[in-house]
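got a predicted structure here, sequence first:
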Amino acid sequence: MRLDGSVRTLIDDGVMVSVIGVHVDPHRERILVAYQDPGVGVRSGEATRLRQSGVGIFDLRSGALQHRVDLSAVPGGAEYIHGANDLAIDKSGNAYVTDIVSSEIYRVRRDGTATLLLRDERLGRDGVGPNGIIWHPGGYLLVVRYDTGALWRIPVASPERMTEVHLDTALVGGDGMALRPDGTLAVVTNHLASTAASGVSVLRSTDGWASAVTARQQPWPQPEQNPTTATVTPLGTYVVEGRLGSLFSGTVTDEFTLRPLR
């Protein structure tokens, strides 16, 4: 999407059924895409439904494929169902990917090799499990569980030491997240599979994310819609609503909405 609001197709490889998470890695001129088949896309089929799960790594300028990573085949991962959902990138270019279906988080290195970083039932599963993820410069991940709204702190060097962040308000319906330049965390919530109100909660922590408080909340102007994630840009933080609710109800559309986080 250009600054004037016009758009063009950068990637359409005919393989990815439903693109769920997209992150730009400007330092390495890459775009990383988490994709799966939740069973509602126009390319969905019996062979891929709840089985396709991966990361596509593409050239940021040309859209050329650099690596395709099949997360459903990673040793140690769940045997049957998968759903890559969101990803975060660390300072070395490693990506960390949540699997919302199978309680798992994967690490994908720059060369496209993938390993299972963590499987923990506390993260949830079955489409309402680990959703939004960010990498923190302190060397840990923050992951939100969609159905309960729990936020988890996961040290990358010792993921088995995962701890729950103490919150003043649970982030039920927590979807995509963005770590902002002032250190606050923007968490997008929706009611795709929850009773939460659509909007954005901005959290602040003073103890390295052992705990966090809600600094403010911004409701989504159209409460019937379902915003899904946020991103930080040089012009501020923006939140996207991509009509995912319409897709799950059987309607396909190219429309989406971007709104600034005030």
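On my side now, so go ahead.

where does the protein have low pLDDT?
1 (pLDDT under 70).

just give me the residue right at the centre of it.
Asp86 (2.4 Å; Cα atoms, centre = their mean).

where do the helices sit along this structure?
244-248 (DSSP state H).

which residue packs closest to the residue nearest to the centre of the chain, ignoring adjacent ones?
Gly21 (4.0 Å; Cβ to Cβ, 6 or more residues apart in numbering). Glycine gets a C-beta too; all of them are placed from N, C-alpha and C.

my guess is the residue nearest to the centre of the chain contacts Ile134. True?
No. If you go by Cβ atoms under 8 Å, Asp86 and Ile134 don't touch, sitting 9.0 Å apart.

would you mind confirming that Leu65 is in contact with Gly56?
Yes. Leu65 is within contact range of Gly56, at 6.8 Å (criterion: Cβ under 8 Å).

so those two - more neighbours on which side?
Shown here are Leu65 and Gly56; by other Cβ atoms under 10 Å, Gly56 has more neighbours (21 against 13).

who's in contact with the more buried one?
Residues in contact with Gly56 (Cβ atoms under 8 Å, 6 or more residues apart in numbering) are Ile11, Asp13, Val15, Met16, Leu32, Val33, Tyr35, Leu65, His67, Arg68, Val69.

now do the fifth one: how many residues are near it, please.
Per other Cβ under 10 Å, the neighbour tally for Leu32 reads 25.

follow-up on the earlier one: common neighbours of Leu65 and Gly56, please.
With Cβ under 8 Å, 6+ apart, Leu65 and Gly56 have common neighbours Asp13.

can you name the residues that contact Phe248?
Pro38, Val40, Leu192.

could you pull up phi and psi at the closest residue to the last one other than its chain neighbours?
When you say that, I think you mean Leu192. The spatial neighbour of Leu192 that comes closest, neighbours along the chain excluded (Cβ to Cβ, 6+ apart), is Asn226 at 5.0 Å. Main-chain torsions, Asn226, degrees, to the nearest 10: phi -130, psi 90.

distance of Asn226 relative to Ser246?
9 Å (Cβ to Cβ, to the nearest Å).

look at those two and report which has more neighbours.
Set Asn226 next to Ser246 and count neighbours by other Cβ under 10 Å: Asn226 wins out with 25 against 14.

do you know how far the more buried one is from Glu46?
27 Å.

next: Val232.
Relative to Glu46, and taking Cβ to Cβ, Val232 is found at 39 Å.

neighbour-wise, which of the two wins?
For the pair Val232 and Glu46, the greater number of neighbours falls to Val232 (14 against 8), based on other Cβ under 10 Å.

how about that one, what does it touch?
Ala178, Leu179, Arg180, Pro181.

which one of these sits closest to Gly76?
Leu179 (28.3 Å; Cβ to Cβ).

just checking, the closest one touches His136?
Yes. When contacts are counted by Cβ under 8 Å, Leu179 is listed as touching His136 (6.5 Å).

more neighbours: the two, which one.
His136 (20 against 17).

so that one touches Leu185, yeah?
No. The criterion here is Cβ under 8 Å, and His136 misses it with Leu185 at 9.0 Å.

which residues do those two both contact?
Joint contacts of His136 and Leu185 (Cβ under 8 Å, 6+ apart) are Leu142, Leu179.

so which residues of the stretch 151-262 of the chain form strands?
151-155, 163-164, 166-167, 174-179, 185-189, 199-204, 211-219, 229-233, 236-241, 257-260 (DSSP state E, counting those that start in this stretch).
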